Each structure stands twice: as structure tokens, then as C-alpha cells.
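K.L.:
coordinates for the following, if possible.
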Amino acid sequence: MNPTHAEVLPDDGLAGCLVARIWLDDAWPGPRPVVLREDGLVDLSALATTVSDLLELPDVAARVRSHRGERLISIEAALAAAFDPARPSGRLLAPCDLQAIKAAGVTFAGSLLERVIEERAKGDPAAASRIRAELAAALGPELAAVKPGSNEAHQAKAVLTRRGLWSQYLEVGLGRDAEIFTKAQPMSAVGLGDEIGIHPRSLWNNSEPEIVLACAASGRIVGASLGNDVNLRDFEGRSALLLAKAKDNNASCAIGPFVRLFDATFGLEDVRTAEVSLLVEGHDDFRLEAVGSMRGISRDPVDLVAQAMGAEHQYPDGLMLFLGTSIAPIQDRDAPGQGFTHKPGDLVTIRSAALGALVNRVTTSDRAPPWTFGVRALMRALAARRV
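P.N.:
Residues are numbered from 1 along each chain as shown. Just a heads-up that it's a prediction; the model follows:
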């Protein structure tokens, strides 16, 4: 059953400024930037032809709220199209286009522990349970209170190294420099209702529910969305040099259903205190539920943006930055000690009160619709519309 209007929207409905992208099969097929309003999705093309351009506008939320564009489709019709492959026109796309898509890793104590487990298990899920117990006893819960780059973190690293527990993940989890990696290429993210892809050779993988910051080229944070940083635990566990293979596959990056712009109703402090939930429902009657809090993040979102872009690294088309996950699913699925992994057909729902719900179904990357509409296609579509 497809999610309802109320389930996808934030708890406060349309009180915020919700910017999305929609695909239209009209005289000029292609994407349009839109804003969600009570009467439907309103075209923002006259204000900005791309979301990348839109987010560069000064006082963007105020500009969007005052814009009087054409109503394109109702919210109900857009949601129906999002979950009906036979109705491509009107479906919601990932709410970003030309922006670089980056991700911060190992930003929560739980994910730090799980990355070390993957490394020591060499990608074998059967070994994870035993290693998890050993590391939990050795590292202890106090690791969550250590601020990365601090004197306490330096001392903790030294102690762990002496005990033979050093790891490259502890380095980025406790050290001065954050892990910032390329999650996906611009234009490649999938949106609400789309299938998400798992590499067909992966036997140990999971969804990673995260908040994604939308940043202008200057580094100014202008809004936030939800994201699924789909991850292959076995690939990365075999070697950290396989990070690209573990993270960047067809349909392995989902963002949506919209960007909520910062305004009087929503801002950075709401991101810092947000709760994010994960629900996985399988055809095998498997059900996994988990809730994480952004309050446990080890590096402030502003610091992560500063480490991702600035004097040393520019993104002239803007940046979408995944902030990391506090949820690492470990619930046994098939047999005791085997932990969690996805199966084709799983329905994944990521939700946060102020950002609504991102819903996707799992397939393998070779069976997901191939990515064909890139930057060149976007330029051709805009040229055809003469905008």
C-alpha cells in the first residue's frame, strides 16, 4: 500500500517551505523545480530553472513563498505517480540536480563501532556478533562522549593503539579530520517511491537513514532533506579501498521527498535535535524498527560542511551532504548470529518529524532502472524549453 499524503509530509504539514523536483511528460519532457502548497505542486521555473540555481537565491524561502507560478499537479496525484512505474509523468524526483552529492562517515559512536566490526570481520556477517561483543567491552560506552580532535580523543587513540585496537575508522571517528566521501554523481540520486539498488553480489548490506544538508556554493546551509546512504557492509569490510564499490552503485543513493528550506519554521537547531526513524518491511514478514537521534552526532553539522567545502574545495553548483547515521541495523534476519541484510522487495521507510518520509523498495542495482538522464540531458531539456 502506498503512503498517504499525511504520512509523507512533515508532522506540521505544509507549514514549512518544501521544495521538490517533478518529472513532466509534456511538450518539453523533463524535470521542474516545484514548491508544495495546499492546492498542489507549483512550478518554480520562472524563479529558477534548476534547484541548484534556486538555492543560490538570497532569502530563498521568502522568494519561494511569494512566487506565483503555475499549478502543475495535486500532491495526491504526485504521490500516486511516485509509486506507479506506469505513470512517469508527475512523479517526484530527488530534490537536487547539479549539486555534488557527498557523505560524512563515522559521525556517531554506533556507526564507528560497526565500521570497526566490518573491518575486523573481513566482510563476514557470521563473525560480526562475536566481534561486536568483544569491542563493546574493550571500547566501552564512554567513546560516545569523546569529541573528535580533542586531547581526550588523542589520548583514547593512544590507549587503543597500545591495546592493538587501532583502526582507520577510529582515526576518522576520533581524529581531527572527518571522513567526507563522494556518495553519488550529480543527477544520479533517486527519489520518493523509486527502487533503491543493492549490488547483486552483496550478502551483507543495509540502509543508512540520514539527514542531508542542502548547501549553496558559498557553503551557506539553506535547507535539509532525508537520505538513504545504501551501504554494502561486506564489500567495505573486505577493504576500505572498496568504499566506492560499497557506496556508489546504480540507485544506491536516495534523497527526498523534498528539501525543507530554513525559515522561521525550521532551522539548523532543528537538524541538531532531530530524531530519524527506520522501518524495514520484508516479503518474508520480517520487520525492523529503529530510531536514532542527531543529538548523538560527534561533529556539528556546520563543522562537517566546513570540512567538505571551503578554501581547499569548492562546489560551484552547491552540495548535498549526508551527515551520517546513528542507526546500524544488526537484528538477526535469517539465522541467529547472521545479523541483518536486505532482500529484494524490502520496503524501507525513513522518517523525521520535520522532514516527512522517504519511502523506497529494494532491488538489485542491475535490475533497478538504469540512470540515463544526466547533466547533458538536463541541458538539452532546458534548451528545448528555451529557458
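
K.L.:
who does the most centrally placed residue in the chain bridge with?
P.N.:
Centroid check for the chain by CA atoms, centre = their mean gives Gly227 as the closest residue, at 2.1 Å. For Gly227, the beta-bridge partners are Glu210, Ile255 (DSSP bridges).

K.L.:
that one: what's it in contact with?
P.N.:
By CB atoms under 8 Å, 6 or more residues apart in numbering, the residues touching Gly227 are Pro209, Glu210, Ile211, Val212, Cys253, Ala254, Ile255, Met320, Phe322, Ile350, Leu358. (C-beta placed from N, C-alpha, C; glycine too.)

K.L.:
low-confidence stretches in the stretch 51-200 of the chain?
P.N.:
135-145 (pLDDT under 70).

K.L.:
and Leu174, how many neighbours?
P.N.:
24 (other CB atoms under 10 Å).

K.L.:
now the closest residue to it other than its chain neighbours: how far from Arg120?
P.N.:
Nearest non-adjacent residue to Leu174, counting by CB to CB, 6 or more residues apart in numbering: Ala153, 4.2 Å away. Plainly put, Ala153 is 21 Å away from Arg120 if you go by CB to CB, to the nearest Å.

K.L.:
so Trp166 touches Lys157, yeah?
P.N.:
Yes - Trp166 is in contact with Lys157 according to CB atoms under 8 Å; the separation is 7.4 Å.

K.L.:
Asn360 contacts Ile196, correct?
P.N.:
Yes - under the criterion of CB under 8 Å, Asn360 makes contact with Ile196 at 4.4 Å.

K.L.:
find the residues that touch each one of these two.
P.N.:
By CB under 8 Å, 6+ apart, the residues touching both Asn360 and Ile196 are Val190, Asn228, Ala254, Val348.

K.L.:
look up phi and psi at the last one.
P.N.:
The phi and psi values for Val348, taken as degrees, to the nearest 10, are phi -110, psi 120.

K.L.:
tell me how far it lies from Glu281.
P.N.:
Counting by CB to CB, the gap from Val348 to Glu281 is 8 Å.

K.L.:
who's more crowded, those two?
P.N.:
It is Val348, of Val348 and Glu281, that has more neighbours when counted by other CB under 10 Å, with 23 against 16.

K.L.:
burial measure for Arg385, as a count.
P.N.:
Around Arg385 there are 15 residues (other CB under 10 Å).

K.L.:
ok, it touching Gly30?
P.N.:
Yes - because the distance of 7.2 Å satisfies CB under 8 Å, Arg385 is recorded as touching Gly30.

K.L.:
can you pull out the helices in the stretch 151-300 of the chain?
P.N.:
151-162, 168-174, 233-238, 243-247, 268-272 (DSSP state H, counting those that start in this stretch).

K.L.:
likewise for the stretch 1-150 of the chain?
P.N.:
5-8, 51-54, 60-66, 75-82, 109-121, 125-139.

K.L.:
between Trp166 and Lys157, which is the more surrounded one?
P.N.:
Neighbour count, other CB under 10 Å: between Trp166 and Lys157, Lys157 has more, with 19 against 14.

K.L.:
check contacts around that one.
P.N.:
By CB under 8 Å, 6+ apart, the neighbours of Lys157 are Trp166, Leu170, Glu171, Leu174, Gly175.

K.L.:
adding distance to Lys247, write those residues out as TSV.
P.N.:
Below are the contacts of Lys157 laid out as TSV (distance: CB to CB, whole Å):
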residue	distance to Lys247
Trp166	23
Leu170	20
Glu171	19
Leu174	22
Gly175	21
